[in-house]
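Engineer: Starting from these lines, generate the structure:
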Amino acid sequence: MFRIKKLDIFITKQFGLLFIGTFFICQFVLMMQFLWRYVDELIGKGLSLEVMAQFFCYMGLMLMPQAFPLAILLSSLIAFGNLGESSELTAIKAAGISLLQAMRSLIAIVIVISCISFYFQEVIGPKSFIAFRQLLISMQQKNPEVEIPEGIFYDGISGSNIYVQKKDMNTGVLYGIMIYRMNGGYEDAAVILADSGRMQTTEEKKHLLLTLYSGEWFENMRSQDVAGSANVPYRRETFSTKRIVLDFDGDFNMADADWISGDARSKSMGKILHDLDSIREFNDSVGHQFYKEAKQTAFYLPSISKKDSTKILAEIQKDSLNFDSLYAKLPPEAKQRVMKAAVNEAQTASVDLEFKGDYSDALNTNDRLHMIEAINKVTLSLSCLIFFFIGAPLGAIIRKGGLGVPVIISVLVFIVYYILENTGMKMARDDNWTVWFGKMLGTCVLTPIAVFFTYKANNDSVVFNIDLYKQILFNMLGIRGKRHISRKEVIIEDPIYMADAYHLLRINQEIEQYSMEHQLLHLPSPIKVFFRPGDDHTIQRISEELEEVIEDLSNTKDRGVLTYLNRYPIVATHAHTRPFRQKWLNVITGLVIPVGIFFYLRMCRFRLRLRKDLHTITQTNQLMVQRIAECYPGTPITLEELQKMPLIIDLINNK
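Structural biologist: Below you'll find the model as predicted:
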């Protein structure tokens, strides 16, 4: 039975206070990042505080589900980092409470937050999106003289398209003005060109007053062509100053939001799943209709009787068949007409197919956007749990609280998630990846990482031990360290020099015998390397015996002995026989040829290094035995002499 304990209350308080603070910080950062996209819609529009408050309110409601995962990641990392830094986490584990048991109250809280995130995306998010888009469009239609961009046509004024080459933001003068007025339709369009001009709203804010300088006015007079003659009159006017009044309501009015309801982001999960059936049925009907039209036009195949098909087949089999014979008999004028007709028909078919292709792509994109939004509601909620199981174990491992290391790690994790999520979404939206693969990419990558960190933290594994990873890298590349044996300040027991000399001489004898039996310069068989066990117990025994002698001689006060000890290499006992200890890893490495070649060459390098190490050990052993004999006169320097001494067996046994 789940009972609330004092530890659960303590950890919940630690996490809760941090979550509230980090949530508002993350919400503020996301809102500022989102605000830069629409800063041009707000500056210089004369918007009231009420409108601005609505804008930020709807924006905040839309971004709350995105702020939840980042806030959970940062707060859990700081909370458990503080517990580890103050040794409270150590005390909890010393009491027999595992990390998962300490996290159980927070797991329940994070599950509740995930449900709240899903509720926001299901109920509040769609309504906020509709209200936000409606408000944004209304802002764009407010004071268009500020909104007209440079270098492109602006159609924000009903019945007119305005092009401005350059704007002077200080004086408000527009340069290089081109206006298309289409109040009477495209056939009766009026074209106005001006060198410069100014635009301002009237006092009642119902019209725009456009003052133009040094320009011309071109206008069709089709509306006056009562007789319907083929010749359409037009009017041309050159002016130095011209004032034009354009109909426009400059007050802030809410735009129509009916078309926004078709966006996938404005729908709940149930609505998306319901509309997907209708969207796919409509897409299929359009595709079938386009296919039927293509078979009747561009890909039309006339029906041919069996007799005609047999005759055509016989003509094709003749070598003298000429498909251009009919065209060659035509006169030049007819050839030109045929070529023009063929070109026009091909261009018409190409344009028609291109238009239908773009329309089909738009329909399929709408289908994929609905699927993306439906999956996003689930993955964004699950990301709260995933980020918690990344942040809490990481905090327990790094044992650093505050806003230093946790913030850096949180930002790095969130950047990885953001890149994976946006890359997958764009690839799925453009139909380069399947929708499920693109939207689940970030979740599938971070879930194993969360499981790994939770497992390591629960078992007190040192994940961020740099020396551990450094040693693994050095082992892979065959890089090893050197011995650093120095004189000890306090020596409890002196070395048994006679026994050590005996072992060193015996090691030399074993190395000599080993070198005769094993040809380290010869290439080993790849079958034996990757597919058969090949532990070298002789080298392992020699290395262990040598380390025991070095450990005993490190208690000496003689500087010459210490110098010789630092010359001994650190011997790798298995790298010259096979790449890995596990048999299945060796088999997989041997089957993957490029990887197998790398490890085979690496193993050959270790064989050469082992040969050099054995030679170095032999020479150093001789020097060490001679040094012992010099420092302690009467000590034998050959193995035969040592074996004849009556006390050598007792010394070796005592050692």
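Engineer: Low-confidence stretches in the stretch 201-350 of the chain?
Structural biologist: For the stretch 201-350 of the chain, applying pLDDT under 70 flags the ranges 203-206, 221-234, 248-259, 298, 318-326.
Engineer: which stretches of the stretch 451-600 of the chain form helices?
Structural biologist: 466-477, 497-517, 526-531, 537-553, 559-565, 583-591, 593-631 (DSSP state H, counting those that start in this stretch).
Engineer: so how far is the last one off the chain centroid?
Structural biologist: If I follow you right, that is helix 593-631. Relative to its chain's centre, helix 593-631 lies at 45 Å (C-alpha atoms, centre = their mean, to the nearest Å).
Engineer: relative orientation of it and helix 537-553 in degrees?
Structural biologist: 40 degrees (axes from the mean of the first three to the mean of the last three C-alpha atoms, to 10 degrees).
Engineer: quick thing: my sequence starts at 7, can you match it?
Structural biologist: Right, with 7 as the first residue, what we last looked at is helix 599-637.
Engineer: Can you spell out which helices and strands pack onto helix 599-637?
Structural biologist: helix 503-523, helix 532-537, helix 543-559, helix 565-571, helix 589-597 (3 or more C-beta pairs under 8 Å, 6 or more residues apart in numbering; DSSP states H and E). Where C-beta positions appear, they are placed from N, C-alpha and C, glycine not excepted.
Engineer: can we see that at 10 Å?
Structural biologist: On a contact count with 3 or more C-beta pairs under 10 Å, 6 or more residues apart in numbering; DSSP states H and E, helix 599-637 meets helix 472-483, helix 503-523, helix 532-537, helix 543-559, helix 565-571, helix 589-597.
Engineer: So which bits of that helix are buried?
Structural biologist: 602, 605-606, 609-610, 612-613, 615-617, 619-620, 623-624, 626-627, 629-631, 633-634 (16 or more other C-beta atoms under 10 Å).
Engineer: same question, the second one
Structural biologist: Neighbour-count burial for helix 503-523 flags 503-514, 516-517, 520 (criterion: 16+ other C-beta under 10 Å).
Engineer: and Lys362, how far is that from Glu243?
Structural biologist: Using C-beta to C-beta, to the nearest Å, we find Lys362 at a distance of 43 Å from Glu243.
Engineer: Which one's more surrounded, those two?
Structural biologist: Lys362 (17 against 11; other C-beta atoms under 10 Å).
Engineer: give me the element that one is part of.
Structural biologist: Assigned by DSSP states H and E, Lys362 belongs to helix 338-404.
Engineer: Let me know the next secondary structure element after that helix.
Structural biologist: Using DSSP H and E, the next helix or strand after helix 338-404 towards the C-terminus is helix 411-435.
Engineer: So which elements touch that next one?
Structural biologist: helix 12-41, helix 55-91, helix 338-404, helix 441-464.
Engineer: try 6 Å
Structural biologist: Helices and strands touching helix 411-435, by 3 or more C-beta pairs under 6 Å, 6 or more residues apart in numbering; DSSP states H and E, are helix 55-91, helix 441-464.
Engineer: and the ones you listed, which is most packed in?
Structural biologist: helix 55-91 (a mean of 21; mean count of other C-beta atoms under 10 Å).
Engineer: Could you tell me the angle between that helix and helix 338-404?
Structural biologist: Using the same axes, to 10 degrees: helix 55-91 against helix 338-404 is 50 degrees.
Engineer: from the chain's centre, how far out does helix 55-91 sit?
Structural biologist: 22 Å.
Engineer: and the direction of it versus that of helix 12-41, what angle?
Structural biologist: Using the same axes, to 10 degrees: helix 55-91 against helix 12-41 is 140 degrees.
Engineer: ok and helix 55-91 relative to helix 441-464, angle-wise?
Structural biologist: Using the same axes, to 10 degrees: helix 55-91 against helix 441-464 is 40 degrees.
Engineer: I'd like the mean pLDDT over helix 55-91, please.
Structural biologist: For helix 55-91, the mean pLDDT works out to 88.
Engineer: picking that back up, what's the closest of the helices of the stretch 457-606 of the chain to Asn370?
Structural biologist: helix 599-637 (39.5 Å; C-beta to C-beta).
Engineer: Report the inter-axis angle for the closest one versus helix 503-523.
Structural biologist: 140 degrees.
Engineer: For Arg489, give its distance to Lys462.
Structural biologist: Counting by C-beta to C-beta, the gap from Arg489 to Lys462 is 32 Å.
Engineer: repeat for Val292
Structural biologist: Val292 is 53 Å from Lys462, by C-beta to C-beta.
Engineer: ok, now Gly178?
Structural biologist: From Gly178 to Lys462 the distance is 64 Å (C-beta to C-beta).
Engineer: quick revisit: what angle do the helix holding Lys362 and helix 411-435 make?
Structural biologist: 150 degrees.
Engineer: Could you name the helices and strands sitting against helix 338-404?
Structural biologist: Using 3+ C-beta pairs under 6 Å, 6+ apart: helix 338-404 touches helix 55-91, helix 110-125, helix 275-302, helix 441-464.
Engineer: Please work out the average pLDDT along the last one.
Structural biologist: So the one you mean is helix 441-464. Mean predicted confidence for helix 441-464 is 89.
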